[in-house]
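In: missing the sequence, but the structure's below:
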């Protein structure tokens, strides 16, 4: 009988912090600069230079530790990780192996749409530590040439190391999304996988169901999207299963995932701690982490998503499904609250955000932190519709301009004469004209074909440039048809 295997996964997630300068020097961390223009003697590893810790990096690490229920170290110590690779100008990396800033935390995960459910799972965090990033290699198509850009060298990273608590691609995705939400709520990183500011290395092994001993793991790198992570996990699980079922042994190694080819390739044997010859970083003295610093950062923590979800349901009376979508991004939730406060109509604001806004965000490839329209203008648009000053067709068109240019909807509607036509006399004249031009539809309606009135409403709306109140048009049509029965 064939064995049934289960997948066991632990993640090493690297997050680039959104500091203005690098972790140990004053060079800019701005993304997209011309290659090798954001470097200095410190981050390029020149002899005789000395690193100085960026305090904003320390604060970011402590904030993440607090938000993930971690223990915060009383003293910051760094270690030197030695390895030789072209993207590493110093031939070592300053990191934290023996004394990470945070330990023993956890992140709660749940299936999508069920956040906060009673059956949520805790994924344990082994540690969170600070380190510097390496440069970036660019391999030419000829396969003979590689170029290196050191702009990224020295960019501050937090590495979040989970315990092997994840059981498959769905749990990995849920964990990464939960972690991303926490970090973005804190405002310490934008966590954009496509720009490399959030990267995940997957440590994966399989074992027969019921066996407690972990199997031999491999580490997969080059995973820059949730799709790639899912595909890599599925492919590596199958690869290891085929090896074991054929009587072979899985080798501990690092593998590179190729999303285009849908397969992974061996990069090198998996290094152990001793291979890196770690030793205490001699150029950085220990730093005491005061209780006052931790207390201050704890006081500065924003309202996190679980608390916001609970409050939105109670305060605004919205369905849980809507609240979950409104609170995925901190900026989106704040936009909702500000607009709802101004127009006193949370349900209408929620509808605009969860329909037209999300649709346009998908079409334009815009993230929540890139939205440019103000809550005041969204609130004004809601007021225009609820007060009947514009109809839904006009409102949709105005919202597109609001989304793109943050136009003042009140002024935009007034300047273009888009207010709803509510003059009974004028509308009745249009209705009578449409009836005279479409006698067949009028006859169909009188014969009991209810759909005919929809056609007549559409023709009247067209004649009025889409500005009429469709309910009033329908009412007047029914009256006129009855009068001429």
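Out: Nice, I can see it. The shown structure was predicted, so the numbers you read here are calculated from the model rather than taken from an experiment.
In: any idea which helix is longest in this structure?
Out: The single longest helix within the chain, with elements called by DSSP state H, is helix 226-245.
In: pull the distance from that one to the chain's centre.
Out: Offset of helix 226-245 from its chain centre (C-alpha atoms, centre = their mean, to the nearest Å): 25 Å.
In: got it, and stretch 170-183?
Out: For stretch 170-183, the distance to the chain centre is 9 Å (C-alpha atoms, centre = their mean).
In: list the contacts for residue 412?
Out: Neighbour list for residue 412: 398, 401, 418 [criterion: C-beta atoms under 8 Å, 6 or more residues apart in numbering]. C-beta here means a position set from N, CA and C on the backbone, and glycine is covered the same way.
In: same thing with residue 20?
Out: Here residue 20 is in contact with 28-29, 56 (C-beta under 8 Å, 6+ apart).
In: give me the distance between it and residue 299.
Out: 23 Å (C-beta to C-beta, to the nearest Å).
In: what's the answer for residue 197, then?
Out: Distance of residue 197 to residue 299, computed by C-beta to C-beta: 27 Å.
In: again with residue 170
Out: Residue 170 sits 36 Å away from residue 299, going by C-beta to C-beta.
In: neighbour count: the two, which is higher?
Out: Shown here are residue 170 and residue 299; by other C-beta atoms under 10 Å, residue 170 has more neighbours (14 against 7).
In: what about the nearest residue to the more buried one once chain neighbours are set aside, which SS state?
Out: Excluding the flanking residues, the one nearest residue 170 by C-beta to C-beta, 6 or more residues apart in numbering is residue 111, at 7.5 Å. Assigned with DSSP: H, G, I helix; E, B strand; the rest coil, residue 111 falls in the coil class.
In: my guess is residue 111 contacts residue 174. True?
Out: Yes - assessed by C-beta atoms under 8 Å, residue 111 is found in contact with residue 174 at 6.8 Å.
In: looking at these two, which one has more neighbours?
Out: residue 174 (22 against 13).
In: is that one within a helix or a strand, and which one?
Out: Using DSSP states H and E, residue 174 sits in helix 169-186.
In: show me the shaky parts of the stretch 51-200 of the chain.
Out: Residue ranges of the stretch 51-200 of the chain with pLDDT under 70: 112-119.
In: let me see the ranges of the helices in it.
Out: In the stretch 51-200 of the chain, the helices defined using DSSP state H, counting those that start in this stretch lie at 55-67, 169-186.
In: reformat those as TSV; add distance to residue 236.
Out: Listed next are the helices of the stretch 51-200 of the chain as TSV, based on distance: least, C-beta to C-beta, whole Å:
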stretch	distance to residue 236
helix 55-67	28
helix 169-186	10
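In: hang on, the earlier thing: if I take the longest helix of the chain and helix 169-186, what angle do their directions form?
Out: 140 degrees (axes from the mean of the first three to the mean of the last three C-alpha atoms, to 10 degrees).
In: pLDDT of helix 226-245, averaged?
Out: Helix 226-245 shows a mean pLDDT of 94.
In: what's in contact with that helix?
Out: 2-3, 5, 7, 9, 168-169, 172-173, 176-177, 193, 200, 202, 204-206, 215, 218, 220, 222-223, 249-250, 255, 257, 259, 262-264.
In: same thing with stretch 282-301?
Out: The contact list for stretch 282-301 (C-beta under 8 Å, 6+ apart) reads 50-51, 53, 58-59, 62-63, 66-67, 72-78, 80, 94, 101, 186.
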